[in-house]
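>>> What follows is a predicted structure for the sequence shown.
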Amino acid sequence: MRVLFAAEENAWGGILKKFRLALPDVEFVAANGYHTESLQGFDALIPTMTKIDDALLNTADQLKLIQQIGAGLEGVDLNAAKARNIAVANVPTDISNNADSVAELAIYMMLGLARHADTIPHYLQQQQLGRPIGLGLKGKTVGLIGLGGIGKALAKRLHAFDMRLIGIKQTVSDEFAKAHHLDWLGTLDALPHLLAESDFVVMSLPDSPNTHHVINSAALAVMKPSAFLINVGRGGLVDKDALYQALHAKQLAGAGLDVFWQEPPDPSDPIFKENVIATPHIGGVTDISIQGIFEAACDNLRRLQSGETILYRHA
């Protein structure tokens, strides 16, 4: 069996090496980056951040499985795969420790922005003690946009900070809100209300026709000038130009970004000169999440070999 890993050899925490050690009878081929011209000769594909569209699937002559290492399948044309009888599977965040790791990174960004991490080296260099004056998280309001595995992991942790939690979810219930310590819970229609109340807004939902650029100039205008926006979901959720203008005009205090409008982003983009904490899509790249993702994906590759049912299918 041949498997294409659609990324560089050492990407995603070196997970490719783990696959090779666990499945020595499988040939794994790494692409040179997040682009591939042909799927010919491959039985399975690990797409990572590579766009898998109808044209690329036309080059597949024996592909049976597209196995994502993570939850995101926005870049895969599910209908085109289904039409060709190609199974598409992912690894849900709440079974792999991925949600926990992404939640921890979001909190790291919250703390960094609240404590003015960008200016700390300056004061240390100038030997000025007791500066900068930061914000305490206790008592602040966090708006959680998306309450799947990551959002629930965030709610659990932020409750321990004595923060007020409010949220947006596709479907709402009083039982869910109570179980996850939410002061109130609404659908996407309640987004302006959430944005106006929040000191921190954390996004952890997929990019879809309903959510693409859900944070635009109108949404940012509703937020407090003292508020922070953190995106650990997908880059397409945020209109980059609108975010830049809001940051540059001080209509927003800062942002934390682990996902981007294009990946990888241009490091010389002017937005990174604003008050932004940026990380290179590493929310789920920790020892525990890589292991959990690897185990689930490896199980499906074994299942493909033996003709067993593929788990966590979306097509």
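Yes, it's here. Residues are numbered from 1 along each chain as shown.

>>> quick one, helices of the stretch 101-250 of the chain?
120-125, 149-159, 174-179, 191-197, 217-222, 240-248 (DSSP state H, counting those that start in this stretch).

>>> okay if I get the ones you listed as CSV plus distance to Gly143?
Bear in mind the C-beta positions are built from the backbone N, C-alpha and C, glycine included. Below are the helices of the stretch 101-250 of the chain laid out as CSV (distance: least, CB to CB, whole Å):
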stretch, distance to Gly143
helix 120-125, 26
helix 149-159, 11
helix 174-179, 14
helix 191-197, 4
helix 217-222, 11
helix 240-248, 16
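
>>> Which among those is found nearest to Lys51?
Nearest of the helices of the stretch 101-250 of the chain to Lys51, taken as CB to CB: helix 240-248 at 18.3 Å.

>>> Next, the residues that contact that closest one from outside, please.
215-217, 220-221, 223, 229, 251-252, 254-255, 260-261, 270-271, 274-276 (CB atoms under 8 Å, 6 or more residues apart in numbering).

>>> Kindly recompute the last result at 6 Å.
Asn216, Ser217, Leu220, Leu252, Trp261, Ile271, Glu274 (CB atoms under 6 Å, 6 or more residues apart in numbering).

>>> okay, now His180: neighbour count?
By other CB atoms under 10 Å, 19 other residues sit near His180.

>>> wait, what's in contact with the nearest residue to it once chain neighbours are set aside?
Take His180 and drop its neighbours on the chain: the residue closest to it by CB to CB, 6 or more residues apart in numbering is Ala155, 4.3 Å away. Going by CB under 6 Å, 6+ apart, Ala155 touches Leu165, His180, His181.

>>> Lys64: which of those residues is nearest?
His180 (38.4 Å).

>>> if I look at that closest one, how far off is Phe200?
16 Å (CB to CB, to the nearest Å).

>>> Do you know the pLDDT at the residue most central in space within the chain?
By CA atoms, centre = their mean, the chain has its centre lying nearest to Gly233, at 3.5 Å. According to the predicted model, the pLDDT of Gly233 comes to 96.

>>> Make sure Ile66 is indeed in a strand.
Yes. The assignment for Ile66 is a strand, going by DSSP: H, G, I helix; E, B strand; the rest coil.

>>> So Ile150 is in contact with Leu205, correct?
No. Counting by CB atoms under 6 Å, Leu205 is not a contact partner of Ile150; they are 8.6 Å apart.

>>> Tell me which of the two has more neighbours.
Set Ile150 next to Leu205 and count neighbours by other CB under 10 Å: Ile150 wins out with 29 against 24.

>>> Count the neighbours of the closest residue to the more buried one other than its chain neighbours for me.
Leaving aside its sequence neighbours, Ile150 sits nearest to Ser204 (CB to CB, 6+ apart; 3.8 Å). Counted with other CB under 10 Å, residues neighbouring Ser204 total 28.

>>> Ser204 reaches Lys152, doesn't it?
No. The pair Ser204 / Lys152 is not scored as a contact, 9.4 Å apart, by CB under 6 Å.

>>> before we move on, back to that, quick one, which of the helices of the stretch 101-250 of the chain gets closest to Ala99.
It's helix 149-159; of the helices of the stretch 101-250 of the chain, that one is closest to Ala99 (CB to CB) at 3.6 Å.

>>> can you pull the buried residues of that closest one?
Neighbour counts over helix 149-159 (16 or more other CB atoms under 10 Å) mark Gly149, Ile150, Gly151, Lys152, Ala153, Leu154, Ala155, Leu158 as buried.

>>> quick one, what contacts the fifth one?
Applying CB under 6 Å, 6+ apart, we find Ala153 in contact with Ala99, Asp100, Ala103.
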